[in-house]
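Peer 1: Have a look at this fold, sequence not included:
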């Protein structure tokens, strides 16, 4: 009986095993997770869960009973410490050796941390990646405390929004010239800067962290412009690195993630990868998509190909972020854009930013504008690019742009 072993019990790993069973795979399925809890949603960790609006059980993607009823062996609190590709065996941290016919690596990613030399190992310095991280920092989110957020990407901004809503004093520093510089246009940065400033967040752009101060616990910080701050704790949101060490040590091809072909195979034909740890093909680019949507879709494509579908995975990028009462929805990838066209809604705070490369529509950032997000998503997936003049004209019937 064929055995599929999936290493990494996050969104991608859970999606692989569920798809195998729903599509009729009758072999043995084992899902290995390093954490003590079943696979769970990660996006709410820095939002609803940290705010106390979502109980832990509601984070779980499926109850334990699903794995039992589906004959999926769920091994929690377990790590894979070695892969013997010749023998088709993984070695676990308790020295158990587990045979596989097909192995799937859904290892996710790790948050980048600050060096100990600048205070990164002090107590009260937190990152947001897993449930333990969120649980560790939750008690610090007490009204009146001063938190320093390091990094103006989506994780940093979401943490800032939670802190501000809970009544903390919030200072956010971003070394780049503007928040969201790596991922969004200036128009989107402007929108979220104004949103956070309206909630009392002190945003400092073009300013980095020099070092965190304290003996055992963090008590202050000095910034690269010489400013000294007294703080109660710090949240680090400076990006993530793909979890690819075990793949690298097994001799698989790794380049900013575990390299896969269009079907999800690694450089070993019996080892697959999906999610934040894995690359994928998007047009003529090899990229990693750090999103829930990709984790699900790429994982399900891998499951189908393990069962013989022999079908290339075609990513349809989409992302989201919740900050205060604003829901940002993103369709497409804006890489290489040359122009951004802004469409304002009839209501304050409703806006969509449309990214073009010359005359080709690449992506849409929609703030509290779900209708235009869906229109933009459908246009991008259909390969259609409306005249930008129509996008910016408030009289345009946007839905009509979808007509042949």
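Peer 2: Sure thing, it's come through. Fair warning: this is a prediction, and the values are worked out from it, not measured in the lab.
Peer 1: the strands in the stretch 251-400 of the chain, which residues?
Peer 2: 271-273, 280-282, 285-287, 318-323, 326-332, 339-344, 351-357, 360-367 (DSSP state E, counting those that start in this stretch).
Peer 1: Residue 111: which of those strands is closest?
Peer 2: Each of those was scored for nearness to residue 111 using Cβ to Cβ, and the closest is strand 318-323 (16.6 Å). (Glycine included, C-beta is placed from N, CA and C.)
Peer 1: which SSE is residue 159 in?
Peer 2: For residue 159, the element it lies in under DSSP states H and E is helix 154-165.
Peer 1: picking up where we left off before, minimum distance to residue 259: which of the strands of the stretch 251-400 of the chain has it?
Peer 2: Each of the strands of the stretch 251-400 of the chain was scored for nearness to residue 259 using Cβ to Cβ, and the closest is strand 285-287 (7.4 Å).
Peer 1: And the closest one, how far out from the chain middle?
Peer 2: Offset of strand 285-287 from its chain centre (Cα atoms, centre = their mean, to the nearest Å): 17 Å.
Peer 1: In it, which residues are buried?
Peer 2: Neighbour-count burial for strand 285-287 flags residue 287 (criterion: 16 or more other Cβ atoms under 10 Å).
Peer 1: hmm, back to that, so what's the gap between the helix holding residue 159 and the chain middle?
Peer 2: From the chain centre to the centre of helix 154-165 is a distance of 15 Å (Cα atoms, centre = their mean).
Peer 1: now do stretch 249-269
Peer 2: 20 Å.
Peer 1: same deal with stretch 222-231?
Peer 2: 29 Å.
Peer 1: One more: stretch 363-373?
Peer 2: On Cα atoms, centre = their mean, the centre of stretch 363-373 falls 19 Å from the chain's centre.
Peer 1: So what touches that stretch?
Peer 2: Under the criterion Cβ atoms under 8 Å, 6 or more residues apart in numbering, residues 184-185, 188, 191, 317, 325-334, 337, 343, 345, 347, 349-355, 376-377, 380, 398-399 lie in contact with stretch 363-373.
Peer 1: For it, buried residues please.
Peer 2: Buried residues in stretch 363-373, defined by neighbour count with 16+ other Cβ under 10 Å: 363, 364, 365, 366, 367, 368, 369, 372, 373.
Peer 1: Same check on stretch 311-319?
Peer 2: 313, 315, 317, 318, 319.
Peer 1: a markdown table for the residues you listed, including distance to residue 149 and pLDDT?
Peer 2: Output for these, formatted as a markdown table (distance: Cβ to Cβ, whole Å; pLDDT from 0 to 100):
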| residue | distance to residue 149 | pLDDT |
| --- | --- | --- |
| 313 | 35 | 96 |
| 315 | 30 | 94 |
| 317 | 26 | 94 |
| 318 | 26 | 94 |
| 319 | 20 | 95 |
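Peer 1: can you list these in a markdown table and add distance to residue 197?
Peer 2: Putting the buried residues of stretch 311-319 into a markdown table (distance: Cβ to Cβ, whole Å) gives the following:
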| residue | distance to residue 197 |
| --- | --- |
| 313 | 41 |
| 315 | 35 |
| 317 | 29 |
| 318 | 28 |
| 319 | 23 |
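Peer 1: Residue 46: which of those residues is nearest?
Peer 2: residue 319 (14.0 Å).
Peer 1: so what's the closest one up against?
Peer 2: 291, 293, 329, 330.
Peer 1: Roughly how far does the residue lying closest to the last one once chain neighbours are set aside sit from residue 154?
Peer 2: Put plainly, it is residue 330. Ranked by Cβ to Cβ, 6 or more residues apart in numbering and with sequence neighbours excluded, the top spatial neighbour of residue 330 is residue 319, at 4.3 Å. Residue 319 is 8 Å from residue 154, where distance means Cβ to Cβ, to the nearest Å.
Peer 1: just residue 268 next, same as before
Peer 2: Distance of residue 268 to residue 154, computed by Cβ to Cβ: 33 Å.
Peer 1: Looking at the two, which has the bigger crowd around it?
Peer 2: Ranked by neighbour count (other Cβ atoms under 10 Å), residue 268 and residue 154 place residue 154 first, with 24 against 16.
Peer 1: ok so, going back, so which of the strands of the stretch 251-400 of the chain is nearest residue 234?
Peer 2: strand 318-323 (19.4 Å).
Peer 1: now the closest one against helix 154-165, angle please.
Peer 2: For strand 318-323 against helix 154-165, the angle by axes from the mean of the first three to the mean of the last three Cα atoms, to 10 degrees is 20 degrees.
Peer 1: any idea of the pLDDT on the residue nearest to residue 345 when sequence neighbours are not counted?
Peer 2: Nearest in space to residue 345, with sequence neighbours left out and distances taken as Cβ to Cβ, 6+ apart, is residue 369 at 5.8 Å. At residue 369, the model reports a pLDDT of 98.
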